[in-house]
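**Q** Everything below, folded, please.
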Amino acid sequence: MRILLPFLAAAALGACTVETANTPASQPAPSAVKKSEPPKVSSRTAVANFQAVVRQVEPVAERECRARAPDLNCDFKIVVDERTNQPPNAFQTLDRSGRPILGFTIALIADARNRDEIAFVMGHEAAHHIEKHLSKQQQTAMGGAILGGIIAASVGLDVNAGQQLGGTVGARAYSKNNELEADALGTVIAKRAGYDPVRGAAFFTRIPDPGDRFLGTHPPNASRIDTVRRVNSQL
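**A** Here you go, the predicted structure:
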């Protein structure tokens, strides 16, 4: 299923960026790439891999959604952003009717080295919806904006600036935990769909490590891989 996504900007709060780095400092030496990374697949294979994963993972994600969050719309729609100038990325959002959307850029599909990686990313994005992370993030952003405005007014600062800062802090307050929760449930979904989530989580070894930055949106890559391994060992 392919569709252009003009609403990417509107999905900002629900985005789960998995961009690869373009700066030389963040990339391993060419010799290391050849030794440690599997080769990229052909365009035809990448498309076939994605289609196969959609067929296997979507029904499992829907089943997990109905079992864990029966109050949600669990009819996932898988879409592809066909713009060739977009970086590797995946996201979860809702359409106007409330239907959950799992979006992938062409670059991410092409960058995946195997079906396990695609399955894990797809399970991860589905997990964001099942865990209601989008609505929780919006609520914390709103609460932070209100609190920021009150604090700014009380000390004589610009209220709008206080609201913007408070909204940013609120939106990011639980983002790292949300990502780890999505990694955990994404592991379950990928495994139950017949894929190897540990192999799929190798995707993290090829993207920049955010470390443990204050108010960062994503946890360290090592923490994410450890979460996948731990959950997988219990399945």
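**Q** Spatially nearest residue to L108 (excluding sequence neighbours)?
**A** Closest residue to L108 apart from its sequence neighbours, by CB to CB, 6 or more residues apart in numbering: P88 at 4.0 Å. C-beta coordinates here come from the backbone N, C-alpha and C atoms, glycine included.
**Q** Now that that neighbour has come up, it's in contact with R113, right?
**A** No: between P88 and R113 there is no contact, the gap being 12.0 Å when judged by CB atoms under 8 Å.
**Q** returning to what we had before: just to be sure, the residue nearest to L108 is in a helix?
**A** No: using DSSP: H, G, I helix; E, B strand; the rest coil, the secondary structure at P88 is coil, not a helix.
**Q** Can you name every helix or strand that the lengthiest helix in the chain contacts?
**A** Longest helix in the chain, counting residues (DSSP state H): helix 43-68. Helix 43-68 makes packing contacts with strand 77-81, helix 106-111, helix 115-130, helix 175-192 when contacts are defined by 3 or more CB pairs under 8 Å, 6 or more residues apart in numbering; DSSP states H and E.
**Q** Report the rounded mean pLDDT for it.
**A** The average pLDDT for helix 43-68 rounds to 94.
**Q** Same question for stretch 119-136.
**A** Per-residue pLDDT over stretch 119-136 has a mean of 90.
**Q** residues of it that come out buried?
**A** Counting neighbours by 16 or more other CB atoms under 10 Å, one finds that the buried residues in stretch 119-136 are 119-131, 133-134, 136.
**Q** which one of these is nearest S233?
**A** Of all these, S233 sits closest to F120, with 15.5 Å by CB to CB.
**Q** The closest one against G200, yeah?
**A** Yes: counting by CB under 8 Å, G200 is a contact partner of F120 at 2.9 Å.
**Q** Return every residue with contacts to both of these two.
**A** Here F120 and G200 have 190, 228 as joint contacts, going by CB atoms under 8 Å, 6 or more residues apart in numbering.
**Q** Near E58, how many other residues are there?
**A** Applying other CB atoms under 10 Å, we find 20 residues neighbouring E58.
**Q** Spit out the contact partners of the closest residue to it other than its chain neighbours.
**A** Counting by CB to CB, 6+ apart, E58 lies nearest to F76, which is 5.5 Å off, once chain neighbours are set aside. Shown in contact with F76 (CB under 8 Å, 6+ apart): 58, 61-62, 65, 100-102, 126, 129.
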